[in-house]
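Trainee: please work out how this folds:
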Amino acid sequence: FEIASTKGSAVGSSSPVMMVDGIRAEKDESGEIIYKIAGYVNGNATELAIDDYAMINDVPAASWVYDSTSQKNVLKTTGSYTIKKGDLIQYQLDANNMVADARILCTYDKTKKDLDIFSRPDDPRDVTTDYNGNDRAIRGWVYQTDGIFFNVSHAAKREDIVPLSGAEIYPVISSIGVYVYYPSTDTVKVGGMSDFMPYSEVTTACSRVVAFMTGSDMMAVVLLGE
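Mentor: Alright, predicted model coming up:
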């Protein structure tokens, strides 16, 4: 039984989330080359050994699809992608604490020059599950912050942002991962509330943001740097 063949299905809502900072190769004590995914989990730098290197080039995306029977958006795993720096992934470890399965939650799309969460194309807000669902992904522009919470405008472009009224607010907890990806230099950093540039203060220089939640728990936040 090869768990990687499940193509993301072994990864669940409670699986850890990592911001990838690269793939490393090193020799073990016997001289064999082993590969590791380097990155950040809950804001802390870590490296995780890979059970099967081939899995790195065959990782599914987390895609939310509307199910007409349940009338909810359900999480599916689709496509085949290669993990790269700047990707936000969920992963599952095997009995040897090696990454045996993973799925990509968020990636930077060079063609779109934007963060991609593989959401339903007919959802203009890019909210990938309904509010009663478990897994949620929210993409938009940071509209306002108070140092603890932030809210989001779901306008297609910065120029289309309008004043918000009664928008849902999202918490930023110190123990979760807040990450900034800079496509111009292909670099990742651990961020914080000071990296949230709200429209209410800087107008069209506001931050692009993607937030991931399981139920009411914030799992990770990704900001797109300039």
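Trainee: what's the neighbour count on the residue nearest to residue 205 when sequence neighbours are not counted?
Mentor: Closest residue to residue 205 in three dimensions, ignoring its sequence neighbours and counting by C-beta to C-beta, 6 or more residues apart in numbering: residue 197, at 6.1 Å. No exception for glycine: its C-beta is placed from N, CA and C like everyone else's. Residues lying near residue 197 (other C-beta atoms under 10 Å) number 18.
Trainee: and residue 197, what helix or strand is that in?
Mentor: Per DSSP states H and E: residue 197 is located in neither a helix nor a strand.
Trainee: quick one: residues contacting it.
Mentor: Applying C-beta atoms under 8 Å, 6 or more residues apart in numbering, we find residue 197 in contact with 142, 205, 206, 207.
Trainee: mind picking the two most distant members of these?
Mentor: Pairwise distances across the contacts of residue 197 peak at 10.5 Å for 142 and 205 (criterion: C-beta to C-beta).
Trainee: okay, the two: which has more neighbours?
Mentor: Neighbour comparison, residue 142 and residue 205: the larger count goes to residue 142, with 25 against 11 (by other C-beta under 10 Å).
Trainee: do you know how far the nearest residue to residue 94 once chain neighbours are set aside is from residue 56?
Mentor: Excluding the flanking residues, the one nearest residue 94 by C-beta to C-beta, 6+ apart is residue 100, at 4.0 Å. From residue 100 across to residue 56, the span is 12 Å (C-beta to C-beta, to the nearest Å).
Trainee: so, low pLDDT: which residues of this protein?
Mentor: 1-9, 64-67, 71-75, 119-134 (pLDDT under 70).
Trainee: looking at it, which residue lies furthest from center?
Mentor: Distance from the centre of the chain peaks at residue 30, with 35.5 Å (C-alpha atoms, centre = their mean).
Trainee: surely it is in a strand?
Mentor: No. Assessed with DSSP: H, G, I helix; E, B strand; the rest coil, residue 30 is coil; it does not lie in a strand.
Trainee: quick one: contacts for it?
Mentor: Residue 30 neighbours (C-beta under 8 Å, 6+ apart): none.
Trainee: on that earlier part again, any idea how many residues pack against the residue nearest to residue 94?
Mentor: 21.
Trainee: and for residue 97?
Mentor: 10.
Trainee: spatially nearest residue to it (excluding sequence neighbours)?
Mentor: residue 49 (7.4 Å).
Trainee: okay, buried residues for whatever helix or strand that neighbour lives in please.
Mentor: Assessed by DSSP H and E, residue 49 sits inside strand 44-49. Using 16 or more other C-beta atoms under 10 Å as the test for burial, strand 44-49 gives 48, 49.
Trainee: hmm, who's touching that strand?
Mentor: With C-beta under 8 Å, 6+ apart, strand 44-49 has contacts from 18, 21, 24, 34-40, 91, 93, 97-99.
Trainee: and residue 194, helix, strand or coil?
Mentor: Going by three-state DSSP: residue 194 is helix.
Trainee: circling back to that earlier point, would you convert the contacts of residue 197 into CSV that also reports secondary structure?
Mentor: Output for the contacts of residue 197, formatted as CSV (three-state DSSP):
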residue, secondary structure
142, strand
205, helix
206, coil
207, coil
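Trainee: name the nearest of these relative to residue 215.
Mentor: Among the contacts of residue 197, and counting by C-beta to C-beta, the member closest to residue 215 is residue 142, at 22.3 Å.
Trainee: separation between the closest one and residue 28?
Mentor: In terms of C-beta to C-beta, residue 142 sits 43 Å off from residue 28.
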